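>>> model this:
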Amino acid sequence: MKCKNKNKVISYSKARKQYLKRIKKDKILVLFWQIALFVLFLGVWQLLADNGVIDPFFFSSPSRIVNTIIDLGRDGNLWIHIWTSLYETIIGFIIATILGSFIAILLWWSEKLRRIMEPYLIILNSLPKIALGPMIIFWVGSGTWATVVMCVLICIVITTISMLNAFISCDSDKILLMKSMHANKFQILFKLILPNSIPEFVSVLKINVGMSWVGTIMGEYLSSKAGLGYLINYGSQILKLDIVMASITLLCILAALMYFLVSPLEKKYKR
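This is a model prediction of the structure:
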């Protein structure tokens with residue numbers, strides 16, 4: 001019996017190692033193809049531009065984008081634009097996430113308030129936020145805070161709706177069990193509802209990373225003297241599309257960095 005049990009443990013151990021090895025190979029293969037496709041895309045793009053198949057004036061090229069970024073960096077203004085957009089995005093991201101989660105808690109706390117406010121949330125979510133641009137400028141003036149407000153407006157409704165759905169979807173049997181143990185609403189909130197909604201909160205963070213950058217660029221389009229959105233608008237006005245493409249490239253890099261900072265939380269709090 002001992003030999004059999006020992007053999008079972010050994011065979012299981014080998015199977016486990018093979019499984020982990022296969023998973024590692026799959027990850028490496030996926031990463032390889034992701035990089036390969038990206039490099040292939042850049043190579044084909046550069047080749048088409050060099051051979052005149054596409055007009056570099058309208059479509060730019062990887063080499064022109066790199067040269068434009070280097071030129072902007074030499075002037076020293078590029079870092080101001082990057083920092084401005086990053087600062088505005090982070091501030092808007094934090095305010096929208098905290099405030100949206102707080103509003104969701106209030107709506108969960110009072111069912112009557114939730115029923116009153118639900119139609120307004122749906123209307124606000126469907127409203128094109130860019131339409132509020134002129135009003136935002138009148139309310140807070142032009143510049144950084146106008147961009148931050150635009151960023152918050154885009155993210156806050158999505159945060160509120162997503163977190164509220166997470167709170168409501170909590171297992172009702174668990175809530176009844178806590179009530180039967182004489183738990184008050186504060187205890188139910190902090191010991192059950194909030195811990196249960198952590199995976200959804202992480203998903204909201206990932207969504208808000210992209211949406212906050214959308215809000216920042218929209219805000220900088222409306223009224224800004226610095227930022228990547230300003231650079232995109234400026235490049236299009238003077239018909240220098242290399243500046244536009246360089247700004248979009250930097251925007252993608254910054255958004256990816258923010259996403260990769262948030263994504264490890266998904267693995268940690270995955271159900």
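>>> Helices of the stretch 101-250 of the chain, start to end?
111-126, 133-140, 144-168, 172-180, 185-188, 194-196, 198-222, 228-237, 241-262 (DSSP state H, counting those that start in this stretch).
>>> Now render those helices as JSON lines, adding mean neighbour count.
C-betas here are computed from N, CA, C, even on glycine. Below are the helices of the stretch 101-250 of the chain laid out as JSON lines (neighbours: other Cβ atoms under 10 Å):
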{"stretch": "helix 111-126", "mean neighbour count": "12"}
{"stretch": "helix 133-140", "mean neighbour count": "14"}
{"stretch": "helix 144-168", "mean neighbour count": "23"}
{"stretch": "helix 172-180", "mean neighbour count": "12"}
{"stretch": "helix 185-188", "mean neighbour count": "13"}
{"stretch": "helix 194-196", "mean neighbour count": "15"}
{"stretch": "helix 198-222", "mean neighbour count": "21"}
{"stretch": "helix 228-237", "mean neighbour count": "19"}
{"stretch": "helix 241-262", "mean neighbour count": "17"}
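>>> looking at those helices, which is closest to residue 73?
Closest to residue 73 of those, according to Cβ to Cβ: helix 241-262, at 10.0 Å.
>>> what's that closest one packed up against?
In terms of contacts (3 or more Cβ pairs under 8 Å, 6 or more residues apart in numbering; DSSP states H and E), helix 241-262 is packed against helix 56-59, helix 62-75, helix 77-109, helix 198-222, helix 228-237.
>>> which stretch among these comes nearest residue 177?
Ranking those by their distance to residue 177 (criterion: Cβ to Cβ) puts helix 77-109 first, at 18.0 Å.
>>> okay if I get the helices and strands packed on helix 241-262 as CSV plus mean pLDDT and distance to residue 125?
Formatted as CSV, the helices and strands packed on helix 241-262 follow (pLDDT from 0 to 100; distance: least, Cβ to Cβ, whole Å):
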stretch, mean pLDDT, distance to residue 125
helix 56-59, 81, 35
helix 62-75, 86, 35
helix 77-109, 90, 12
helix 198-222, 87, 12
helix 228-237, 85, 23
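>>> Of the helices of the stretch 101-250 of the chain, which is nearest residue 20?
Comparing the helices of the stretch 101-250 of the chain under Cβ to Cβ, the one sitting nearest is helix 241-262, at 23.7 Å.
>>> which other residues reach that closest one?
57-60, 64-65, 67-69, 72, 81-82, 85-86, 89, 93, 202, 205-206, 209-210, 213, 217, 228-229, 231-232, 234-236 (Cβ atoms under 8 Å, 6 or more residues apart in numbering).
>>> cutoff 7 Å now
57-58, 60, 64-65, 68-69, 72, 82, 86, 205-206, 209-210, 213, 228, 231-232, 234-236 (Cβ atoms under 7 Å, 6 or more residues apart in numbering).
>>> now stretch 221-230
Contacts to stretch 221-230, defined as Cβ under 7 Å, 6+ apart, come from residues 80-82, 84-85, 88, 133, 137, 142-143, 146-147, 216-217, 220, 233, 247, 250-251.
>>> same thing but at 8 Å, please
Residues from elsewhere that reach stretch 221-230 (Cβ under 8 Å, 6+ apart): 80-82, 84-85, 88, 130, 133, 136-137, 142-144, 146-147, 150, 216-220, 232-233, 247, 250-251, 254.
>>> repeat for stretch 70-89
Stretch 70-89 is contacted by residues 69, 144, 147-148, 151, 212-213, 215-217, 219-220, 224, 226-231, 243, 246-247, 250-251, 254, 258 when judged by Cβ under 8 Å, 6+ apart.
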